[in-house]
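Student: with the sequence up front, the predicted model follows.
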Amino acid sequence: MDLKQLNGNMLAFVGDAVLSLQVREYLVGQAFNTGDKLQKASVKYVSAKAQAAFLQYLLEENHLSEAELLIYKKGRNYKSDSAPKNTDIVTYRQASGLEALWGYWYLNQETKRLKEMFKLFVNYVDKS
């Protein structure tokens, strides 16, 4: 698969699933014992607001390479057919850009980078 041919929406679609799975695995390891508690806890991590805030942190702290910035912008700038339900369009697009990065890392088999970023993500969200 040629990742350069994938648009930002496709990358974000995959990245959303990967990040959601990582969050679920993390929360199961935190000893939540009911599906309801797991679902409520996951919202803290998978919300567009949390993802956009983390993305801002990555940008401010220069955690992304030039190539990664291009992938982020590809996801952020993609004009999707859907409108955000619970947030403003800027936050939604920033979150989509982050998800595009997650999708890119996953599809490019950058496991080490995914783990590194997820650890930063969890630490950031837990402190927020």
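Tutor: Great, that's in hand. Residues are numbered from 1 along each chain as shown.

Student: pull the number of nearby residues for the closest residue in space to Gln30 that isn't next to it in sequence.
Tutor: Excluding the flanking residues, the one nearest Gln30 by CB to CB, 6 or more residues apart in numbering is Ala41, at 7.6 Å. For every residue, glycine as well, the C-beta is placed using N, CA and C. Using other CB atoms under 10 Å, Ala41 has 15 neighbouring residues.

Student: surely Ala41 is in contact with Phe32?
Tutor: Yes - at 5.9 Å, Ala41 counts as touching Phe32 under the criterion of CB atoms under 8 Å.

Student: isn't Leu120 right up against His63?
Tutor: Yes - counting by CB under 8 Å, Leu120 does reach His63; the two are 7.1 Å apart.

Student: burial of Ser128, as a residue count?
Tutor: Ser128: 11 surrounding residues under other CB under 10 Å.

Student: isn't it up against Ala50?
Tutor: Yes - judged on CB under 8 Å, Ser128 makes contact with Ala50 at a distance of 7.1 Å.

Student: can you pull the buried residues of the longest helix along the chain?
Tutor: Assignment by DSSP state H gives helix 8-28 as the longest helix of the chain. Neighbour-count burial for helix 8-28, with 16 or more other CB atoms under 10 Å as criterion, is recorded at 8-16, 18-19, 22-24, 26-27.

Student: who does it touch, helix- and strand-wise?
Tutor: helix 35-46, helix 66-77, helix 89-107, helix 111-127 (3 or more CB pairs under 8 Å, 6 or more residues apart in numbering; DSSP states H and E).
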